[in-house]
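S.K.: Turn this into a structure:
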Amino acid sequence: MAEDDCGATFALPTADDMEVVPVTIDVTDDAMTAMEGAMSNAENGDVLVVSVLGGGCSGFMYDLQIQTRPQDEGWQFISCDGVTIAVHDRDSVQLSGITLDFVNSLMGGGFKVINPNAQKACSCGKSFR
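M.R.: Model (predicted):
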């Protein structure tokens with residue numbers, strides 16, 4: 001690299017053609033009970049955000065967080081017995097049609113995502129491809 005090239009900047013291409021589909025989510029009775037319990041201490045207007053993160057054994061991981069309702073564009077909101085679930089449009093293809101379940105077991109419990117869109121899931125149940 002020539003001395004004149006030091007400090008040069010470049011821009012990475014961005015993906016503007018994001019596919020967006022309407023999100024549908026099924027929630028089991030056990031998951032609904034767990035969500036209501038978790039949301040009981042939440043602020044008025046908080047939502048359960050379900051998203052996809054890079055990582056995990058299979059390439060992607062599910063992320064569930066209670067947070068303030070997003071006000072920016074690009075979010076879909078699903079109302080489920082008084083609990084609002086939010087999914088960003090960028091995750092809509094991967095998350096539409098999922099079922100949220102809650103599992104209690106001796107090896108630990110927590111939310112389990114059953115995803116018909118996943119090509120492969122890790123045995124831990126926390127990541128997918």
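
S.K.: Next up, phi/psi of R69, please.
M.R.: phi -60, psi 120 (degrees, to the nearest 10).

S.K.: Please give me every residue in contact with the most centrally placed residue in the chain.
M.R.: When C-alpha atoms, centre = their mean is applied to the chain, the residue found nearest the centroid is S51 (1.5 Å). Contacts for S51 (C-beta atoms under 8 Å, 6 or more residues apart in numbering) come out as 62-65, 87-88, 91, 95. Any C-beta I mention is one placed from the backbone N, CA and C, and that applies to glycine too.

S.K.: Name the next helix or strand following the host helix or strand of it along the chain.
M.R.: Take DSSP states H and E as the rule and S51 turns out to sit in strand 46-55. Per DSSP H and E, the first helix or strand lying C-terminal to strand 46-55 is strand 59-68.

S.K.: how about the following helix or strand past that next one: buried residues?
M.R.: Remark: after strand 59-68, the chain's next helix or strand is strand 75-80, criterion DSSP H and E. Residues of strand 75-80 classed as buried: 75-76, 78, 80 (neighbour count, 16 or more other C-beta atoms under 10 Å).

S.K.: Format the residues you listed as TSV; extra columns: pLDDT and distance to N41.
M.R.: Shown next, in TSV, are the buried residues of strand 75-80 (pLDDT from 0 to 100; distance: C-beta to C-beta, whole Å):
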residue	pLDDT	distance to N41
W75	98	23
Q76	98	25
I78	96	21
C80	92	18
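
S.K.: which one of these is nearest V20?
M.R.: The nearest member of the buried residues of strand 75-80 to V20, counting by C-beta to C-beta, is Q76 at 8.5 Å.
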